[in-house]
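[1] Any chance you could fold what I've pasted below:
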Amino acid sequence: EKHYNDFEFADNYPDAQQLIDNLHSKDIKVILWITGMININSYDGPNKNEKSPNYDYAKENNYFVNDGELLTWWKGSGSHLDFTNPLAVNWWYTQMDKVLDMGGDGWKTDAAETSLGWEEKQSQKIGELYYHEFYDYTKQKNPEGIIMARPYDDGKQFSRVEDCSVCWVGDQEHNFGKNGLPEALSSILLSAEKGYSVIGSDIGGYLGGGTIPKNVFIRWSQLGALNPFMENGGSAEHRPWMFDDETLNVYRKYARLHQELVPYLYSYAIEAHNTGTPIIRPELGWNSEDSYKKYNYKLGEMFFVSPIYEDTTKRNIELPSDANWINYWDDNIIYSPGQKLTDYYVPLDKYPIFIKQGAIIPLEVSNSELSHGTEKSSNYLTLLVYPSNISELTFHNSPEEDILFKIYGQNKILKIEVSSSQMKYIFKIKYDGSVSSVNNSQRKNSYFKFEDSSEGWYYDDVANYLWIKTSQKSTPLSIQINTLTTFVWWNPFSWFK
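    Down below sits the predicted model:
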């Protein structure tokens, strides 16, 4: 902006409309940072010594709190809009229109109301109205619009749950200390307990000059990928390619994991909206000093995460007691319910991630890095399946469409049932058994032939994965997997030889 919260693009964006249009053509949404302050001078920016051109009009019409009292905040000196005044709010809408009418998709609503100097309840009231008006008006103009806002953070509540489309906690320091990554974890899990859903933090931390320690950045990146909202930004160098090759490779891998999890997270976001159950589900004892339980949470129902909050490659972990849990990095390793893992080894490129036995996990796969498919999986919904008796998943493909998956996996019998949809599927099923046929589908004798086909199946008898690909159908889908039975032949006359 030319001035903070004047809603005018600065001269270094000479054609902002073309920029927004170009980003939209690449399916990139445009979110703009904002607060409720208007300045008479600023600490930085292209016109930092000038009064914002919309300041005087707001002042003359008594649109600011406390008759336009000048307040010092972290971006300069100004006055805060009075969101209890309907006339002020209606005028603010006209300011927002400058961006929304260009195609802006939403706002990162920062918390300048903390600079009012009032009692917490008073400033919180103004803050809640500020977030609500940004959320409500943006949704009126663009039903797909969002705001980013702080949830429960730094020991207090900012936006209300119903107004927080996407929530981030901040501003932490670039370290593993009490004001660094552990503080972000505490605020994330406390927010989840209060019902906030799409939550994340500033990867690497926001505050502090100098350089972000490599291990802090990597561990925070891994945590960010395993939050519903993955955000990278703040002071100091945050670009992963500016660290070293190892950092870039780790960051890329976890960013791709987060991208693959989009259908899974989106489905749980709809569930959160419908039921109030958050995506992040803190485990009992997460806020204790018990090293086996500290900061543990489930991501939805199918993933258990035990975060690394110190500069270490070991972690004590107590697994949830409701199921067997599978090591994400080696799914031949299965742990029993409630099992304790002492000094569980977690090298810098790994993170403590576990999958629930019986999981059905929808994925968006577009490359081979995580071994869930290849670029030829792009037009399919991939389902990662770990059978256990009878498993079910109600997949919320959209607010209007639910798809029910049922997997029967008892006594080497495997059957898949899917309700009606227009989607095409690839199933990657962990299955230790011999397969003779899959419905009337054609068996492929290599994975490469499988991925080149429009439908069919392939069994990887080394890694024990059954791959099944279906074509698009609108009718319910039923897949019967037939197994081979091994007979031991005994020749009774062999005794007489």
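
[2] Over to Ile376: give its phi and psi.
    Careful, residue 376 is Lys; it's not Ile. Main-chain torsions, Lys376, degrees, to the nearest 10: phi -80, psi 0.

[3] tell me, how many neighbours does Pro399 end up with?
    Residues lying near Pro399 (other Cβ atoms under 10 Å) number 10. Every C-beta, even on glycine, is put in place using the N, C-alpha and C of the backbone.

[4] ok, for it, nearest residue in space, not its chain neighbours?
    If the residues on either side of it in the chain are set aside, Pro399 comes closest to Ile270, at 5.9 Å by Cβ to Cβ, 6 or more residues apart in numbering.

[5] Tell me which helix or strand the one you found sits in.
    Using DSSP states H and E, Ile270 sits in helix 262-275.

[6] Following that helix in sequence, what is the next regular element?
    strand 280-282.

[7] what mean pLDDT would you report for that following strand?
    Strand 280-282 carries an average pLDDT of 98.

[8] Ser419 reaches Pro476, doesn't it?
    Yes - assessed by Cβ atoms under 8 Å, Ser419 is found in contact with Pro476 at 5.6 Å.

[9] Of those two, give the one with the bigger neighbour count.
    Ser419 (15 against 11).

[10] Look up how far Arg239 lies from the more buried one.
    Using Cβ to Cβ, to the nearest Å, we find Ser419 at a distance of 44 Å from Arg239.

[11] try Phe134
    29 Å.

[12] follow-up on the earlier one: contacting residues for the residue nearest to Pro399?
    When contacts are counted by Cβ atoms under 8 Å, 6 or more residues apart in numbering, Ile270 is found next to 396, 398-399.

[13] So, low pLDDT: which residues of this protein?
    411, 484-497 (pLDDT under 70).

[14] Can you show me the helices along it?
    16-25, 55-60, 86-100, 120-141, 181-193, 214-225, 245-260, 262-275, 447-452 (DSSP state H).

[15] Mind putting those helices into JSON lines with distance to Gly208?
    Converted to JSON lines, the helices of the chain look like this (distance: least, Cβ to Cβ, whole Å):
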{"stretch": "helix 16-25", "distance to Gly208": "30"}
{"stretch": "helix 55-60", "distance to Gly208": "32"}
{"stretch": "helix 86-100", "distance to Gly208": "31"}
{"stretch": "helix 120-141", "distance to Gly208": "25"}
{"stretch": "helix 181-193", "distance to Gly208": "12"}
{"stretch": "helix 214-225", "distance to Gly208": "10"}
{"stretch": "helix 245-260", "distance to Gly208": "18"}
{"stretch": "helix 262-275", "distance to Gly208": "30"}
{"stretch": "helix 447-452", "distance to Gly208": "46"}
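
[16] Lys108 is nearest to which of these?
    helix 120-141 (10.0 Å; Cβ to Cβ).

[17] buried ones in that closest one?
    123-124, 126-135, 137-139 (16 or more other Cβ atoms under 10 Å).

[18] and which of these is nearest Ala192?
    Among the buried residues of helix 120-141, and counting by Cβ to Cβ, the member closest to Ala192 is Tyr131, at 18.4 Å.

[19] Tell me who's in contact with that closest one.
    109, 147, 149, 158-160, 163-164.

[20] for Ile479, same thing?
    When contacts are counted by Cβ under 8 Å, 6+ apart, Ile479 touches 415-417, 427, 438-439, 468, 470.

[21] Count the neighbours of the nearest residue to Glu369 once chain neighbours are set aside for me.
    Sequence neighbours aside, Arg256 is the residue nearest to Glu369 in space, at 5.5 Å (criterion: Cβ to Cβ, 6+ apart). The local packing of Arg256 (other Cβ under 10 Å) involves 17 other residues.

[22] Return the distance of Arg256 relative to Asn367.
    Using Cβ to Cβ, Arg256 is found at 7 Å from Asn367.

[23] wait, doesn't Pro228 sit right on Leu265?
    Yes - counting by Cβ under 8 Å, Pro228 touches Leu265, with 5.2 Å between them.

[24] tell me, what's touching those two both at once?
    279, 299.

[25] Would you mind telling me which of those two has more residues around it?
    Neighbours were counted for Pro228 and for Leu265 using other Cβ under 10 Å; Pro228 has more, 27 against 20.

[26] For that one, give its distance to Ser377.
    23 Å.

[27] tell me the contacts of Gly338?
    Contacts for Gly338 (Cβ under 8 Å, 6+ apart) come out as 318-321.

[28] can you redo these as TSV with distance to Asp452 and neighbour count?
    Listed next are these as TSV, based on distance: Cβ to Cβ, whole Å; neighbours: other Cβ atoms under 10 Å:
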residue	distance to Asp452	neighbour count
Glu318	45	20
Leu319	39	23
Pro320	40	18
Ser321	44	11
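
[29] Narrow those to those in strands?
    Within the contacts of Gly338, residues falling in strands by DSSP state E are Glu318.

[30] any idea which of the contacts of Gly338 is closest to Lys59?
    When the contacts of Gly338 are ranked by distance to Lys59 (Cβ to Cβ), Pro320 comes first, at 56.3 Å.

[31] Can you report how many residues lie near the nearest residue to the closest one once chain neighbours are set aside?
    Nearest residue to Pro320, sequence neighbours excluded (Cβ to Cβ, 6+ apart): Phe304, at 5.7 Å. Around Phe304 sit 25 other residues, with neighbours defined as other Cβ under 10 Å.

[32] quick revisit: report the buried members of the contacts of Ile479.
    Buried members of the contacts of Ile479, counted by 16+ other Cβ under 10 Å: 415-416, 427, 438-439, 468, 470.

[33] Pick the one among those closest to Trp168.
    Closest approach to Trp168 among the buried ones among the contacts of Ile479 (Cβ to Cβ): Phe427, at 34.9 Å.

[34] what's the spacing between that closest one and Lys406?
    13 Å.

[35] shared neighbours, the two?
    Contact criterion Cβ under 8 Å, 6+ apart; residues shared by Phe427 and Lys406: Ile416.

[36] just to revisit the earlier point, want to throw the contacts of Ile270 into JSON lines with distance to Ile361?
    Output for the contacts of Ile270, formatted as JSON lines (distance: Cβ to Cβ, whole Å):
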{"residue": "His396", "distance to Ile361": "14"}
{"residue": "Ser398", "distance to Ile361": "18"}
{"residue": "Pro399", "distance to Ile361": "21"}
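
[37] Which of those residues sits closest to Gly433?
    Using Cβ to Cβ, His396 is the member of these that lies nearest Gly433, at 31.4 Å.

[38] Neighbours of the closest one, how many?
    Neighbours of His396 (other Cβ under 10 Å): 20.

[39] Tell me if I'm right that it and His273 touch.
    No - using Cβ under 8 Å, His396 is not in contact with His273; the gap is 9.2 Å.

[40] Common neighbours of those two, please.
    Common neighbours of His396 and His273 (Cβ under 8 Å, 6+ apart) do not exist.

[41] Can you give me the neighbour number for the residue nearest to Ile407 when sequence neighbours are not counted?
    Distances taken as Cβ to Cβ, 6+ apart put Ser391 closest to Ile407, at 4.4 Å, once the chain neighbours are dropped. Ser391 has 20 neighbouring residues, counting by other Cβ under 10 Å.

[42] got the contact list for Ser391?
    Ser391 neighbours (Cβ under 8 Å, 6+ apart): 358-360, 385, 405-407, 409.
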